[in-house]
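Enquirer: Please find the sequence and the predicted model below.
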Amino acid sequence: MRCLIALGLLSLAVSFQVRTAAAAGARPDDSISYYHQIKPLLNQACTGCHKPEKTKGDLDLTGVSPILKGGKHGASVVPGEPNKSKLIEMVSGDDPDMPQDADPLKPEQLSLLTRWIQQGARDDTPSPGSTHVEPPVYTVAPVISAMKYSPDGSILAVSGWHEVLLIRSEGTGLIGRLTGECPRIESIAFTKDGKTLGVAGGAPAEFGQVQIWDLATRKAMRTFQPSADSLYGLSFAPDGKSVAMGGADKIARQIQIADGKLLLDFRAHSDWVLGTFFTLDGKQLVTAGRDRACKLVDVGSSRFVDDINNPLEPVMCLTRSPKEELLLYGGALGNARMYKVSDNQGRTAGRNDTNLITAFERQPTPVTAVAFSPDGNTVAIGATGMVKVFARDGRKLLELAGHPGPVYAVDFKPDGSTIATGGSDGIVRLFDSKSGNLIKQFTAAPIEK
């Protein structure tokens, strides 16, 4: 499973077309669009302090509904009446109260906001999944931020820009493109039967989205947008009926796929949640992130059970053994550790790491990808310029060479024969899991010269 690393240069590698009903439909020249004009303005100037996880003055400015609801000083916007709208009052004048510690809005921005309110403060945000996105055209290989083999080993799903690229697992060709609204794909997962693929990602500080795809039809079955920031670490429940994910809003969620019902809203983390997985019986959920904690949650009651680990460093990536209740995480200080998935009641005042099974050789850079082999007896650990394979007791077995930069994704083929890696250079590399020899390397994305 991969971790969060800045991927801003990804957008330079592609061009794409996005068409929404609001953008494509005819609109009077003086009609102001919230989605295309006001939302970007507020994101730039206001939502750093006024968002769900940081509602200064109890005011959330990330959507029309919370804007109309207002904060502790009352309604922030009165549709049709900008002169009675607190928001206009706060951003107007020679020395406006907002934005704090930043340049005031420009006259044209203030005029835009005023006209939107005057026109009724309408919300033209397209519903999740309704935006049509053309398949990207690549001139260079996009960064690979996530990658996963299908359970039968026939498909390797690789992240692209706004899409997941489906490759024959031997690297012999592109067989499908799942193109959607998420510009940045942060996580990919399959259901146990291999019929469904899930994606988590989003646009930073704009939206976080989950897409559920039917692999037989290559069609999106469901699209959920539960957050105003990016989502990470997607995992399916064992029965395939729900998904869990973490977010940059510090929340871990579980969503029922059939109807989008929020089953779990876990807010015990103090920083970004970058990884999740269900225990083998599906009764508990493990979450981990930049606050250094791997937390155990009871799914049925939504009750926080305990921290599994002794928090030592930000957890950047997380995975579970396919055979046992063991977790493997990669840390920001270069460590990778294996833990028993259990409460930590045996710890003492000395903060003994009672669930620790193995602490692997420390790497010189943050560990940005980790994976268990199908039998659970070996692990692969990716960092900058390298992927190393270890026995579960910590013995180093292999080093997979040839990576020029950070490795963000690593996965074992279900038959255990091959290890796939991907990262900043956009190249998929397939290695023999016994010898460590490179079998093949290729770009998953079709490159237009």
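Expert: Ah, there it is. Numbers count the residues shown, from 1 in each chain.
Enquirer: so where do the helices sit in the stretch 1-150 of the chain?
Expert: With helices called from DSSP state H, counting those that start in this stretch, the stretch 1-150 of the chain shows them at 21-24, 39-45, 64-69, 86-91, 107-118.
Enquirer: give the contact list for Arg122.
Expert: Counting by CB atoms under 8 Å, 6 or more residues apart in numbering, Arg122 touches 34, 64, 116. In short, each C-beta sits where N, CA and C put it, glycine included.
Enquirer: Format those residues as TSV; extra columns: distance to Leu326 and pLDDT.
Expert: Formatted as TSV, those follow (distance: CB to CB, whole Å; pLDDT from 0 to 100):
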residue	distance to Leu326	pLDDT
Tyr34	47	87
Val64	45	85
Trp116	53	91
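Enquirer: Name the helix or strand of this structure that has the lowest mean pLDDT.
Expert: helix 21-24 (a mean of 38; mean pLDDT, DSSP states H and E).
Enquirer: Tell me how far Glu89 lies from Asn43.
Expert: Between Glu89 and Asn43 the computed distance is 21 Å (CB to CB, to the nearest Å).
Enquirer: Tell me if I'm right that Met316 and Leu328 touch.
Expert: No: the criterion here is CB atoms under 8 Å, and Met316 misses it with Leu328 at 11.9 Å.
Enquirer: what's the distance between Tyr138 and Ser169?
Expert: 21 Å.
Enquirer: which is the next helix or strand following the lengthiest strand in the chain?
Expert: As assigned by DSSP state E, the longest strand anywhere in the chain is strand 174-190. For strand 174-190, the following helix or strand on the C-terminal side (DSSP states H and E) is strand 196-203.
Enquirer: residue contacts, the residue nearest in space to the middle of the chain?
Expert: The centre of the chain sits closest to Tyr232, judged by CA atoms, centre = their mean, with a distance of 2.5 Å. Tyr232 is in contact with 4, 186-187, 200, 245-248, 272-275, counting by CB under 8 Å, 6+ apart.
Enquirer: Am I right that it sits in a strand?
Expert: Yes: with DSSP: H, G, I helix; E, B strand; the rest coil as the criterion, Tyr232 is assigned to a strand.
Enquirer: What are the boundaries of the strands in the stretch 251-400 of the chain?
Expert: 252-256, 262-266, 273-278, 284-289, 294-298, 303-307, 315-320, 326-331, 336-340, 356-359, 369-372, 378-383, 386-391, 396-400 (DSSP state E, counting those that start in this stretch).
Enquirer: Including mean pLDDT, distance to Tyr149 and mean neighbour count, could those strands go into TSV?
Expert: As requested, the strands of the stretch 251-400 of the chain are exported to TSV (pLDDT from 0 to 100; distance: least, CB to CB, whole Å; neighbours: other CB atoms under 10 Å):
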stretch	mean pLDDT	distance to Tyr149	mean neighbour count
strand 252-256	98	24	23
strand 262-266	97	27	16
strand 273-278	98	16	28
strand 284-289	98	21	26
strand 294-298	97	24	21
strand 303-307	95	31	15
strand 315-320	97	13	27
strand 326-331	98	17	26
strand 336-340	97	21	22
strand 356-359	96	24	15
strand 369-372	98	10	27
strand 378-383	98	13	26
strand 386-391	97	16	20
strand 396-400	97	16	16
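Enquirer: Out of these, the one nearest Leu156 is which?
Expert: Smallest distance to Leu156 across the strands of the stretch 251-400 of the chain (CB to CB): 13.1 Å, for strand 369-372.
Enquirer: name the helices or strands packed onto the closest one?
Expert: Secondary-structure packing of strand 369-372 (3 or more CB pairs under 8 Å, 6 or more residues apart in numbering; DSSP states H and E): strand 315-320, strand 326-331, strand 378-383, strand 407-412, strand 418-423.
Enquirer: Give the other helices and strands that the third one contacts.
Expert: If you count contacts as 3+ CB pairs under 8 Å, 6+ apart, strand 378-383 packs onto strand 326-331, strand 336-340, strand 369-372, strand 386-391, strand 407-412, strand 418-423.
Enquirer: go on, the second one?
Expert: The criterion is 3+ CB pairs under 8 Å, 6+ apart, and the helices and strands that strand 326-331 contacts are strand 284-289, strand 315-320, strand 336-340, strand 369-372, strand 378-383.
Enquirer: can I have the shortest one written out in PDB, keeping just the CAs?
Expert: What that stands for is strand 369-372. Only the C-alpha atoms of strand 369-372 are listed here, as PDB (Å, rounded to 0.1, in the frame of the first residue of the first chain):
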ATOM      1  CA  ALA A 369       5.400   1.500   0.300                       C
ATOM      2  CA  VAL A 370       5.000  -1.900   2.100                       C
ATOM      3  CA  ALA A 371       3.500  -5.200   1.100                       C
ATOM      4  CA  PHE A 372       3.200  -8.800   2.400                       C
END
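Enquirer: For Ile175, find the nearest of the helices and strands packed on strand 326-331.
Expert: Nearest of the helices and strands packed on strand 326-331 to Ile175, taken as CB to CB: strand 369-372 at 22.7 Å.
Enquirer: I figured Ser424 hits Pro406, correct?
Expert: Yes: counting by CB under 8 Å, Ser424 touches Pro406, with 4.9 Å between them.
Enquirer: which one of the helices of the stretch 1-150 of the chain is the most hemmed in?
Expert: Highest mean neighbour count of those: helix 86-91, a mean of 19 (counted as mean count of other CB atoms under 10 Å).
Enquirer: Tell me how this structure divides into domains.
Expert: Following automatic domain parsing, one finds the domains of the chain at 20-118, 132-443.
Enquirer: Compare those and say which comes out lowest on pLDDT.
Expert: Lowest mean pLDDT within those: domain 20-118, at a mean of 78.
Enquirer: Show me what stretch 106-117 is in contact with.
Expert: Here stretch 106-117 makes contact (CB under 8 Å, 6+ apart) with 30, 32, 34, 37-38, 41, 45, 77-82, 85, 87-88, 91-92, 105, 122.
Enquirer: any idea how far Arg337 is from Glu324?
Expert: From Glu324 to Arg337 the distance is 15 Å (CB to CB).
Enquirer: ugh, wrong one, Pro151
Expert: 27 Å.
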